[in-house]
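[1] coordinates only, sequence not included:
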Ligand SMILES: C[S@@+](CC[C@H](N)C(=O)[O-])C[C@H]1O[C@@H](n2cnc3c(N)ncnc32)[C@H](O)[C@@H]1O
């Protein structure tokens, strides 16, 4: 099932709301509805759905981003939602780094703002409501660009990748963590059953919204596989593009550099 349903290009994702084809221009509104609906329970659901493993995947991304502990270092976390990656980056830098969290969804950002205050990190993290396809920043502004489990929700991924390249400083690193193609016998069968039956059922109990979690699962299966996404990152002019699979390819971390 996994590869048969996958989009072969980033362009195909613009009119795919999960497995449902939608007209050009309609996907974003539907996606926004999903995240307005689940925002208050989003972090709890991440822990339940991944049995906590998303924390390990995020740690790998943060280690790879290597935020400086001494010199000024400012990164942009796109589709940053409730701030998970930003908080980890700031902590990994011993509170030296500054991170801008950008998301199109005010409900997700509101949860993030509250968490920043609660964690005593508000001085290092700021929140911007905007679209990944049209970043409100000057060229060459950031030392790193991160996006975790976000890019598959952005309708025009090619525009988001072009914007990532534009706002990075020369020498800056692009890092994208996303669900990907599982290539381990038996794990794929178990993962299919958990994704299509388990997750929507748990979503219904925890958030009262099984449909949103059905979209999230389907959107994972539509997202281009590791090699196709690496090709899209290269097309956006990034150099030394590479990826590493985690947990048998359930997630993959793609990286590249603006040189
Ligand atoms: C699955 S959440 C990921 C949140 C966070 N990065 C994490 O790892 O927990 C996806 C996020 O993408 C955001 N998003 C969707 N379309 C977007 C767009 N066009 N521009 C910016 N953010 C977008 C959603 O609002 C949502 O907060």
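    The structure has been received and is ready for your questions. Note that this is a predicted model, so its numbers are computed, not measured.
[2] Quick check: can you name the pairing partners of the helix or strand where residue 243 lies and their directions?
    For residue 243, the host element (DSSP states H and E) is strand 239-246. Looking at strand 239-246 with DSSP bridges, its partner strands are strand 251-257 (antiparallel).
[3] mind listing what's buried in the strand it pairs with?
    251, 252, 253, 254, 255, 256 (16 or more other C-beta atoms under 10 Å). (Each C-beta comes from the backbone N, C-alpha and C, glycine too.)
[4] residues from the stretch 101-250 of the chain in reach of the ligand?
    Taking C-beta under 6 Å from any ligand atom as the measure of proximity, the stretch 101-250 of the chain contacts the ligand at 103, 104, 105, 108, 131, 132, 133, 148, 149, 150, 153, 154.
[5] any idea how far the fifth one is from residue 31?
    Relative to residue 31, residue 131 is positioned 11 Å away (C-beta to C-beta, to the nearest Å).
[6] Likewise for the third one?
    If you measure residue 105 against residue 31 using C-beta to C-beta, the figure is 8 Å.
[7] quick one on the thing from earlier: between the buried residues of strand 251-257, which is closest to the ligand?
    The shortest separation between the ligand and any of the buried residues of strand 251-257 is 10.6 Å, and it belongs to residue 251 (by C-beta to the nearest ligand atom).
[8] The closest residue to that closest one other than its chain neighbours is in what secondary structure piece?
    The shortest distance from residue 251 to any residue other than its chain neighbours is 4.8 Å, reached at residue 57 (C-beta to C-beta, 6 or more residues apart in numbering). Using DSSP H and E, residue 57 falls within helix 53-65.
[9] tally of neighbours for residue 162?
    15 (other C-beta atoms under 10 Å).
[10] what helix or strand is it on?
    Under DSSP H and E, the secondary-structure element containing residue 162 is helix 157-167.
[11] can you list the residues that contact the next helix or strand after that helix?
    Sequence-wise, the next helix or strand downstream of helix 157-167 (DSSP H and E) is strand 168-179. Strand 168-179 is contacted by residues 57-58, 61, 64-65, 140-152, 164-165, 220, 223, 229, 233, 238, 250-259 when judged by C-beta atoms under 8 Å, 6 or more residues apart in numbering.
[12] Just the buried residues from those, in PyMOL please.
    Typed into PyMOL, the next command selects the buried ones out of these (criterion: 16+ other C-beta under 10 Å):
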select buried, resi 57+58+61+65+141+142+143+144+145+146+147+148+149+150+151+152+164+165+220+223+229+233+238+250+251+252+253+254+255+256+258
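[13] circling back: tell me how far the helix holding residue 57 lies from the chain's centre.
    Helix 53-65 has its C-alpha centroid displaced from the chain centroid by 12 Å (C-alpha atoms, centre = their mean, to the nearest Å).
[14] Identify all contacting residues around that helix.
    The contact list for helix 53-65, computed with C-beta under 8 Å, 6+ apart, reads 46-47, 50, 75, 84-85, 88-89, 92, 144, 146, 148-149, 173, 175, 177, 244, 246-247, 250-251, 253, 255.
[15] For the residue located most distally from the centre of the chain, which non-adjacent residue is spatially closest?
    Taking C-alpha atoms, centre = their mean, the residue of the chain most remote from its mean C-alpha position is residue 70, at 27.1 Å. Taking C-beta to C-beta, 6+ apart, and ignoring the residues beside it in sequence, residue 70 has residue 96 as its nearest neighbour in space, at 6.5 Å.
[16] pretty sure the one you found is touching residue 68, no?
    Yes - Residue 96 sits in contact with residue 68 when judged by C-beta atoms under 8 Å, with a separation of 6.2 Å.
[17] Reduced to three states, what does the residue nearest to residue 70 come out as?
    Three-state call for residue 96 (DSSP: H, G, I helix; E, B strand; the rest coil): coil.
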